[in-house]
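A.B. asks: Let me see the structure of the following:
(one chain, ligands or ions: 1)
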Amino acid sequence: MTKSWWKESVVYQIYPRSFNDTTGNGIGDIPGIIEKLDYIKSLGVDVVWLCPVYESPNDDNGYDISDYRKISEDFGGQEAFDELLEKMHQKGLKLVMDLVANHTSDEHYWFQESKKSKTNPYRDYYVWKDGKEDGPPNNWTSFFSGSAWLHDDTTDQYYLHYFTKKQPDLNWENPEVRKEIHDVIKYWFDKGVDGFRMDVISVISKPEGLPDTTFEKFQDTIENDYANGPKIHDYLNEMNREVLSKYDIMTVGEGPGIDLKNGPLYVDESRNELNMVFHFDHMFIDCGLGGKYDPREFNLNEFKEVFSNWDKALKDKGWGSIFLGNHDFSRMISRFGDDGTHHNASAKLLVTLLMTLRGTVYVYQGDEIGMTNVAYPHISDYNDVETLNAYKEAKEQGKDMDAFMSVVHAQSRDNARTPMQWDTHKNAGFSDGKPWLKINPNYTDINVAAQEQDTNSILNYYREMIAFRKAHPTMVYGDYECIDNGHESIYAYLRWDAEHCFLVLHNFSDRTQTYASPIQGNGFGLMKSNLSDFTDQIYELAPWQTKILKEH
Ligand code: TEU
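C.D. replies: Numbering: from 1, shown residues only. Predicted coordinates:
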């Protein structure tokens, strides 16, 4: 296994709108990040992944870019960005940006030109098609509800949009488009940016002829028409050859449809495509076939299997990404932990899990203080376009809207987007003005300032666990094997290399559990736990207790 800085890194993800506002306009900004650099550094992380900060009309909060080379003035503009990059590098932090290249904003110059006429030089930058019998070219739906096509009167054709209608899909078949994107990547690398997280990269290649799809095909990653299209690997290979391979940077591709079968193809080192991918096998584990708004009960054994299977799939070729939350999902503690009675213990258990699995670890802002889901009473309090569209669709379908509201509470992306809770001052210290999204009312209990003062806090435990991972390369590169015989509440695994062997135990329940170790002898001693009042019984786990044992 080759060693790399990005394999050993812990990445901190910042959703800039919600991080820290220095101007009082209610929106977080880059100077706000600069102000918190010492805080970020104090966590012990190595890399910051910054969600989009480019010029954008913000139909999807920056994931609709109108100029790839311009930093939005809302966030402080280019000067602020240059200062951020310089100061981060001075502090030994790397900066990874978001590349949104499946689509642009409809306000991007390319699209403005493209829609003018069928002969415009930019026409083929996007996917335009004639409709069928007074309807769209095919039956595809957008990821954010409704048809994936919008009719445009000027030329009487439809354009494809996988996401909102203000996010037209680029036509990657067109070599000029690919060249444009390569140039954008080069532009930022030449400025010193240390990598890219590539938004929905799995869907950039569209199937030949754009045929109608079926629900059955949609459920299958191989047959799926949206993702892993016929030329995806050619495009990534070309991008790697033309740009990525020329820089010492990291890449992580994101997207629906990446699974155990095709995931390794993206990251196999001998194939020269990407370093890592984000798959969503564990992130949709509590969703039914209907997706995010079709809830299903969480099952710990299925969850464990996801981690075990992916570790196995990537161990000889490629590298994994370990994460439990981001700006698109509800808060990890509310989904996988206990955000009530066992808030402190379960937040610590989850970070112990993150820091003891093989792969590059990603921590989402606010998780380091155990920020939780929010439950706004009114749909008008929500901002996220995915939530609002799903609500509208459910209403049109005559669903029980009270029941639907509780799914919104559990699943809305806004759960993860509520402003960062810095202290107990007005607006949790996030902004002097009216925040773009309401603050979670629990900020008086859960905030950075309080946790800085408390040696037993989640925040200080995150710091400890990040330092622990850094001090034990076995946690980064070592082998992994799950050894809990399918216990319904315990997740236990070994991590080992030639020198060391660790046994990690997690109790995902609010009852005391005893681990039946299949390993003979009593060779393990306790190294670390999230609870200080543990018993002498090494294999006994209090509710939400986690233990790291080391072989003598
Ligand atoms: O999300 C990709 C994606 O697949 C989403 O549809 C995701 O599955 C969904 O939000 C989960 O409910 C990326 C970005 O991370 C997201 O914020 C953007 O809205 C989306 O792409 C479009 O750019």
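A.B. asks: Return the distance of stretch 209-217 from the chain's centre.
C.D. replies: 27 Å (Cα atoms, centre = their mean, to the nearest Å).
A.B. asks: Can you show me the CA trace of that stretch as PDB?
C.D. replies: The C-alpha trace of stretch 209-217 is given here as PDB (Å, rounded to 0.1, in the frame of the first residue of the first chain):
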ATOM      1  CA  GLY A 209     -29.900   8.200 -27.100                       C
ATOM      2  CA  LEU A 210     -31.300   9.100 -23.700                       C
ATOM      3  CA  PRO A 211     -34.000   6.300 -23.600                       C
ATOM      4  CA  ASP A 212     -36.900   6.200 -21.300                       C
ATOM      5  CA  THR A 213     -36.100   4.600 -18.000                       C
ATOM      6  CA  THR A 214     -38.000   2.300 -15.600                       C
ATOM      7  CA  PHE A 215     -38.300   2.300 -11.800                       C
ATOM      8  CA  GLU A 216     -36.600  -1.200 -11.800                       C
ATOM      9  CA  LYS A 217     -33.600   0.200 -13.800                       C
END
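A.B. asks: For the stretch 101-250 of the chain, just list every one of the helices.
C.D. replies: Using DSSP state H, counting those that start in this stretch, the helices of the stretch 101-250 of the chain run over 109-114, 175-191, 215-218, 232-242.
A.B. asks: other SSEs contacting the last one?
C.D. replies: What it means is helix 232-242. helix 175-191, helix 263-267 (3 or more Cβ pairs under 8 Å, 6 or more residues apart in numbering; DSSP states H and E). In short, each C-beta sits where N, CA and C put it, glycine included.
A.B. asks: now, of the ones you listed, which is deepest in the fold?
C.D. replies: helix 263-267 (a mean of 22; mean count of other Cβ atoms under 10 Å).
A.B. asks: Show me what from the stretch 301-450 of the chain comes close to the ligand.
C.D. replies: Residues of the stretch 301-450 of the chain that fall close to the ligand, judged by Cβ under 6 Å from any ligand atom: 327-328, 386, 413.
A.B. asks: Looks like Thr341 contacts Asp510 (just checking).
C.D. replies: Yes. Contact status for Thr341 versus Asp510: in contact at 6.8 Å, counting by Cβ atoms under 8 Å.
A.B. asks: These two - which one has more neighbours?
C.D. replies: Asp510 (15 against 11; other Cβ atoms under 10 Å).
A.B. asks: Can you tell me the element Phe502 falls in?
C.D. replies: Using DSSP states H and E, Phe502 maps to strand 501-507.
A.B. asks: residue of the stretch 401-550 of the chain with the smallest distance to the ligand?
C.D. replies: Using Cβ to the nearest ligand atom, the single residue of the stretch 401-550 of the chain nearest to the ligand is Arg413, 5.8 Å away.
A.B. asks: Burial check on that residue, number of neighbours?
C.D. replies: Arg413: 19 neighbours (other Cβ under 10 Å).
A.B. asks: nearest spatial neighbour of it, skipping sequence neighbours?
C.D. replies: Spatial nearest neighbour of Arg413, excluding adjacent residues (Cβ to Cβ, 6 or more residues apart in numbering): Asp384 at 4.4 Å.
A.B. asks: How about the contacts made by the one you found?
C.D. replies: 61, 412-414, 417 (Cβ atoms under 8 Å, 6 or more residues apart in numbering).
A.B. asks: Verify the stated contact: Phe189 with Val243.
C.D. replies: Yes. Assessed by Cβ under 8 Å, Phe189 is found in contact with Val243 at 7.2 Å.
A.B. asks: Quick check: the gap between the residue nearest the centre of the chain and Phe144.
C.D. replies: Centroid-nearest residue in the chain, with Cα atoms, centre = their mean: Asn326, separated by 3.9 Å. Distance of Asn326 to Phe144, given as Cβ to Cβ, to the nearest Å: 17 Å.
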